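In: can't give you the sequence, but here's the structure:
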């Protein structure tokens with residue numbers, strides 16, 4: 001689908017440069033011996049920043065948080081200053097005390113495990129003729145392994161794609177009307193409630209053969225994290 005926001009090429013991802021590069025004659029490859037240490041340092045810094053942010057948001061002192069979660073003030077101070085990476089057990093205790101998901105400490109951005117997206121602020125892309133509308137049902141500012149969209153296709157409207165990256169899958173369910181899905185010229189007619197899963201790294205087309213609007217929900221899954 002040429003108008004859908006998950007169209008990505010090899011040189012960029014949602015406007016961002018790809019995170020992996022091949023070594024060249026002019027630029028040496030990564031030092032693999034340092035990768036593990038770099039990843040540990042990155043995780044340590046991320047946990048420290050998120051702990052500081054979450055504690056500050058709740059106006060808690062280190063002593064107050066220590067009482068809430070059962071982790072010593074000294075340990076909390078070491079974690080928050082980036083001098084120590086907590087174990088999963090310790091992180092679970094802190095998360096319980098702050099009433100957030102453990103994943104909130106590992107996010108690259110401020111996210112505590114719940115995000116409400118208003119319909120009016122959702123990211124939408126519309127085809128040139130207005131027949132096809134794609135709405136992102138997830139925070140669109142960060143790349144992720146799975147993406148969730150609402151698709152609307154006008155009566156007799158259609159949208160084409162030459163295919164996405166290798167291994168990308170699309171899983172779609174029709175919630176209103178009917179949709180004809182073509183994958184490499186093989187056609188599948190879906191009625192309300194029907195679903196389809198296919199590799200989207202090959203040419204495919206969505207077409208609404210009816211005289212009423214079709215609505216579907218789509219999950220796009222990438223073979224590995226893009227960030």
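Out: Okay, I see it. All values derive from a computational prediction rather than experimental measurement. Numbers count the residues shown, from 1 in each chain.
In: domains for this protein, by residue range?
Out: Residue ranges for the domains of the chain, per automatic domain parsing: 32-105, 119-221.
In: checking the residue most central in space within the chain next. Helix, strand or coil?
Out: Taking CA atoms, centre = their mean, the centroid of the chain lies closest to residue 144, which sits 2.7 Å from it. Classification of residue 144 using DSSP: H, G, I helix; E, B strand; the rest coil returns coil.
In: hang on, it packs against residue 138?
Out: Yes - using CB atoms under 8 Å, residue 144 is in contact with residue 138, at 7.1 Å. (Each C-beta comes from the backbone N, C-alpha and C, glycine too.)
In: show me what contacts residue 216?
Out: 150, 151, 153, 172, 173, 174, 175, 176, 179, 206 (CB atoms under 8 Å, 6 or more residues apart in numbering).
In: change it to 7 Å
Out: Going by CB atoms under 7 Å, 6 or more residues apart in numbering, residue 216 touches 151, 172, 173, 174, 175, 179.
In: wait, which of those is closest to residue 191?
Out: Nearest to residue 191, judged by CB to CB, of the contacts of residue 216 is residue 174 at 6.6 Å.
In: hang on, the closest one in a strand?
Out: Yes - counting by three-state DSSP, residue 174 is part of a strand.
In: residues contacting it?
Out: 190, 191, 192, 193, 194, 214, 216.
In: measure the residue lying closest to the fourth one once chain neighbours are set aside to residue 196 for me?
Out: Okay, so that is residue 193. Closest residue to residue 193 apart from its sequence neighbours, by CB to CB, 6 or more residues apart in numbering: residue 174 at 6.7 Å. Residue 174 is 9 Å from residue 196, where distance means CB to CB, to the nearest Å.
In: what sits in contact with each of those two?
Out: Counting by CB under 7 Å, 6+ apart, the residues touching both residue 174 and residue 196 are residue 190.
In: host element of residue 182?
Out: strand 179-183 (DSSP states H and E).
In: next SSE after that strand?
Out: Toward the C-terminus from strand 179-183 - assigned by DSSP H and E - lies strand 186-190.
In: okay, the angle between that next one and strand 179-183?
Out: Interaxial angle of strand 186-190 relative to strand 179-183 (axes from the mean of the first three to the mean of the last three CA atoms, to 10 degrees): 160 degrees.
In: chain center to strand 186-190, what's the gap?
Out: 28 Å (CA atoms, centre = their mean, to the nearest Å).
In: so which elements touch that strand?
Out: strand 179-183 (3 or more CB pairs under 7 Å, 6 or more residues apart in numbering; DSSP states H and E).
In: the strand it packs on pairs with which strands?
Out: Note on strand 179-183: by DSSP bridges, its sheet partners are strand 186-190 (antiparallel), strand 204-207 (antiparallel).
In: pick the most buried one from the ones you listed.
Out: strand 204-207 (a mean of 20; mean count of other CB atoms under 10 Å).
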